[in-house]
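Colleague: 3D model of this:
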Amino acid sequence: MAGGIGTRFWPISRSNYPKQFHDVLGVGKTMLQQTAERFEGIVAPENIYVVTSEEFAGIVQEQLPFLSPDQILKEPQRKNTAPCIAYAAYKISKKHPKAKIIVAPADHVILKEEAFKARVNEALEAAKEPVLVTLGIVPTRPDTGYGYIQYQESNETAKTVKTFTEKPNVELAEAFLESGDYVWNAGLFVFSIPTFKHELTKHLSRLAEQFEEGRAFYYTEQEPEFIRKVYAVCKSISMDNGVMEKAREVKVILADIGWSDLGTWKSLHEINEKDELQNAVDAQVMLYETTDCIIKAPKDKLVVIHGLSNYIVAEHGNVLMICPKDQEQQVKQFVEDATKLDPNFS
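Modeller: I've put the predicted structure just below:
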């Protein structure tokens, strides 16, 4: 899934070039490229499909040149994750009706890639049964920005899911962490196509009907026009809200994989290497009495900072943002206000 905008990562992530297409970690590969490479040895290149916005299809093709045009699914509108996953599943089912599918966001960081591959293979094994499988991240702190999954303790690798809770308050998150039977919801799903179709028909029947009607058009020149018509009228809803929370047979595999959804500057600071004063730097800098900051700027510009503590300093293109890390929730407002000044700032 590579169609999001990533507003909270502005000004690096822009409406015309969002974060999944950037080398956010400074490793020489974009997040999309890292996501695709992560499945080497699990999924053949010809079986990798990318769902993205129509406007980003060219970027996807440029960054993943091994993809055929049929492997790039172009969404005419953003309608959340349930339609996105349904589009991919129903298209793939035309050629591979019993395939198992792994759904992965293209903008997440996974530092322990071998552990990730092991957990995915466990999930694929579990998905031989008629169940929906998700990876649950072992929590390290009472984070209120993530959804939580409660599971039933057992000796099984794939544990039965009891409840889903979306972004709890601090007190509840602390209680979840203390209880020991909750994990973070990473939005990573594994299931067989027949199981997914059954659950989608059961819980989002109209959405299932709409994508099933396209069977004659997938992999043809008529596919884009059909998809435009479907997206104009289909429901906007997440996979979690629409299917996972309602399905009876859901399993979770506990995963310690060095995961971050990299949704905010603060999350990037947490996973990046830092100097002795806890500054995470991806820029040419001179720092004086500066601590606990994240600094990202073009390497052809010298950045001189004196006396900052706990700040974000981020420059990209025509925007420089300086903001306290503890106030990063304001970034969405910055984007909204900047867009009013000039759409080129978005």
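Colleague: where in the stretch 51-200 of the chain is pLDDT low?
Modeller: For the stretch 51-200 of the chain, no stretch has pLDDT under 70.
Colleague: Against which helices or strands is the longest strand that the chain contains packed?
Modeller: Using DSSP state E to define each element, the chain has its longest strand at strand 182-192. Applying 3 or more C-beta pairs under 8 Å, 6 or more residues apart in numbering; DSSP states H and E, one finds that strand 182-192 contacts strand 100-103, helix 113-126, strand 132-137, strand 148-151, strand 250-255. Using the backbone N, CA and C atoms, a C-beta is placed for each residue, glycine as well.
Colleague: Can you lay out these as a markdown table showing distance to residue 71?
Modeller: Output for the helices and strands packed on strand 182-192, formatted as a markdown table (distance: least, C-beta to C-beta, whole Å):
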| stretch | distance to residue 71 |
| --- | --- |
| strand 100-103 | 14 |
| helix 113-126 | 19 |
| strand 132-137 | 23 |
| strand 148-151 | 30 |
| strand 250-255 | 26 |
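Colleague: among those, which is nearest residue 307?
Modeller: strand 132-137 (36.4 Å; C-beta to C-beta).
Colleague: other SSEs contacting the strand or helix carrying residue 228?
Modeller: Secondary-structure element containing residue 228, defined by DSSP states H and E: helix 223-233. The contact analysis (3+ C-beta pairs under 8 Å, 6+ apart) places helix 223-233 against strand 72-75, helix 81-95, helix 205-212.
Colleague: how far out from the middle of the chain is the shortest one?
Modeller: Put plainly, it is strand 72-75. Distance, stretch centre to chain centre, for strand 72-75: 16 Å (C-alpha atoms, centre = their mean, to the nearest Å).
Colleague: that older thread, buried residues in the helix holding residue 228, which are they?
Modeller: 223, 226-227, 230-231 (16 or more other C-beta atoms under 10 Å).
Colleague: Could you do stretch 200-209 as well?
Modeller: Buried residues in stretch 200-209 (16+ other C-beta under 10 Å): 200, 203-204, 207-208.
Colleague: ok, now stretch 61-71?
Modeller: 61, 63-64, 67, 71.
Colleague: any idea which of the residues you listed is the one closest to residue 24?
Modeller: Distances from residue 24 to the buried residues of stretch 61-71, taken by C-beta to C-beta, are shortest for residue 63, at 13.4 Å.
Colleague: related to what we said a few turns ago, tilt between the longest strand of the chain and strand 250-255?
Modeller: 120 degrees (axes from the mean of the first three to the mean of the last three C-alpha atoms, to 10 degrees).
Colleague: next structured bit after strand 182-192?
Modeller: helix 193-203.
Colleague: what's that next one packed up against?
Modeller: Using 3+ C-beta pairs under 8 Å, 6+ apart: helix 193-203 touches helix 81-95, strand 100-103, strand 132-137, helix 205-212.
Colleague: For residue 181, which of the helices and strands packed on helix 223-233 is the nearest?
Modeller: helix 81-95 (25.3 Å).
Colleague: Which parts of that closest one count as buried, going by neighbours?
Modeller: 81-93.
Colleague: Next: stretch 310-328.
Modeller: Neighbour-count burial for stretch 310-328 [16+ other C-beta under 10 Å]: 310-316, 319, 321, 323, 325, 328.
Colleague: Keep only those of these that are in strands.
Modeller: Using DSSP E, the buried residues of stretch 310-328 in strands are 311-316, 319, 321, 323.
Colleague: May I ask which of those residues comes out lowest in pLDDT?
Modeller: On pLDDT alone, residue 316 ranks lowest of those, at 92.
Colleague: residues in contact with it?
Modeller: With contact taken as C-beta atoms under 8 Å, 6 or more residues apart in numbering, residue 316 is in contact with 11-12, 14, 296-298.
Colleague: nearest to residue 144, of the helices and strands packed on helix 193-203?
Modeller: Using C-beta to C-beta, the helices and strands packed on helix 193-203 put strand 132-137 closest to residue 144, at 14.9 Å.
Colleague: Wait, residue 72 touches residue 48, no?
Modeller: No - at 10.1 Å, residue 72 and residue 48 do not qualify as touching, with contact defined as C-beta atoms under 8 Å.
Colleague: of these two, who's got more company?
Modeller: In terms of neighbours (other C-beta atoms under 10 Å), residue 72 is the more surrounded of residue 72 and residue 48; the figures are 19 against 16.
Colleague: doesn't residue 42 make contact with residue 121?
Modeller: Yes - using C-beta under 8 Å, residue 121 is in contact with residue 42, at 6.9 Å.
Colleague: quick one, what contacts residue 317?
Modeller: Contacts of residue 317 by C-beta under 8 Å, 6+ apart are 11, 14.
Colleague: Give me the phi and psi angles of it.
Modeller: Backbone dihedrals for residue 317, given as degrees, to the nearest 10, come out at phi 60, psi -120.
Colleague: repeat for residue 281
Modeller: According to degrees, to the nearest 10, residue 281 has phi -120, psi 130.
Colleague: Tell me, how many residues neighbour it?
Modeller: 21.
Colleague: which residues touch it?
Modeller: By C-beta under 8 Å, 6+ apart, the neighbours of residue 281 are 275, 287, 294-296.
Colleague: and the helices and strands packed on helix 193-203 as a markdown table, adding distance to residue 28?
Modeller: Listed next are the helices and strands packed on helix 193-203 as a markdown table, based on distance: least, C-beta to C-beta, whole Å:
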| stretch | distance to residue 28 |
| --- | --- |
| helix 81-95 | 28 |
| strand 100-103 | 25 |
| strand 132-137 | 26 |
| helix 205-212 | 37 |
